[in-house]
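Student: Next input, structure requested:
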Amino acid sequence: MQTVILCGGLGTRLREETEFRPKPMVPVGGYPIIWHIMKTYAHYGHTDFVLALGYKGEMIKDYFVNYEWMNNDITLELGKPESLEMHKRHSETGWKVTLANTGAENLKGSRLKQVEKYIKGDTFMMTYGDGVADIDINALLDFHNAHGKLVTLTGINPASQFGELKLEGDRVTSFLEKPKHNTGGLVSGGYFVFNRKIFDYLTEDEDCDLEFGAIEKIASEGELMAYRHTKFWSCMDTIRDTERLNNLWDTNKAEWKVW
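Tutor: Sure thing, here's the model as predicted:
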């Protein structure tokens with residue numbers, strides 16, 4: 001099953017890093033945070049990725065185009081380019097990565113709609129390029145397939161600025177994007193599963209959002225469900241988040257490292 005990762009935002013609250021690189025390329029333990037996200041999906045057997053690029057997307061393209069060169073040892077003889085020998089050192093064999101330009105300032109709904117042409121099946125996954133979790137991806141998929149609704153999002157429980165959910169059981173009755181007053185309930189942590197019909201709610205217009213509009217409408221129609229994730233989840237939204245994630249990795253306390 002394919003996984004879309006949204007990689008286009010400006011990352012204005014992490015300006016110390018994103019002035020020089022896109023947020024998905026900010027390193028944790030020497031690897032871009034997007035690599036950590038992809039490693040989680042790959043651990044559960046999902047290695048077909050579509051990256052929706054925007055701000056400084058060329059840096060993400062460069063990273064993956066040169067991945068073999070930068071992550072393997074090589075032996076070469078100067079003056080004899082045909083003698084190049086590559087010695088395998090990484091375990092990311094079989095990853096398929098589609099790198100799609102989706103506009104410098106386009107909102108998330110527009111970015112997702114633009115990669116529709118690369119989505120092959122009736123069901124696919126999507127997440128943001130700045131959040132890590134120790135989520136069981138296959139349990140998330142089983143949950144989605146069991147309820148038969150249009151969209152599943154992962155509900156987490158930190159007090160945050162993200163979209164807050166109102167629930168009846170596991171069914172989401174309303175979705176409030178960035179409410180002014182958090183009530184301590186579940187909030188959206190990304191890690192979505194979509195049925196292909198999600199594209200009917202989106203356009204390629206630059207100002208087409210995902211949460212404002214599409215997800216709110218889907219919730220009002222009773223087609224949005226929440227998979228409850230009670231263990232580790234963290235975003236990289238500020239320099240403090242970056243420092244915390246790097247400290248967890250450096251001290252072998254990176255709970256999202258399931259591989």
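Student: what bits of the stretch 151-259 of the chain have low per-residue confidence?
Tutor: Confidence mapping of the stretch 151-259 of the chain against pLDDT under 70 gives the ranges 158-164, 176-185.
Student: mind listing the strands for it?
Tutor: 151-156, 164-168, 171-176, 187-188, 192-195, 224-228, 233-235 (DSSP state E, counting those that start in this stretch).
Student: Give the other helices and strands that the shortest one contacts.
Tutor: Secondary structure elements in contact with strand 187-188, counted by 3 or more Cβ pairs under 8 Å, 6 or more residues apart in numbering; DSSP states H and E, are strand 151-156, strand 164-168. Where C-beta positions appear, they are placed from N, C-alpha and C, glycine not excepted.
Student: roughly how far is it from the heart of the chain?
Tutor: In this view, strand 187-188 has its centroid 14 Å away from the chain centroid, taken as Cα atoms, centre = their mean, to the nearest Å.
Student: what's the strand ranked longest in the chain in contact with?
Tutor: If you go by DSSP state E, the chain has its longest strand at strand 80-87. Strand 80-87 is contacted from outside by E68, N72, D73, I74, T75, L76, E77, using Cβ atoms under 8 Å, 6 or more residues apart in numbering.
Student: Neighbours of the closest residue to G131 other than its chain neighbours, how many?
Tutor: Of all residues not flanking G131 in the chain, C235 sits nearest, at 4.4 Å (Cβ to Cβ, 6 or more residues apart in numbering). Neighbour count for C235, taken as other Cβ atoms under 10 Å: 21.
Student: ditto for T152
Tutor: T152 has 26 nearby residues by other Cβ under 10 Å.
Student: ok, I239 - how many residues close by?
Tutor: Neighbours of I239 under the rule other Cβ under 10 Å: 14.
Student: separation between it and T98?
Tutor: 31 Å (Cβ to Cβ, to the nearest Å).
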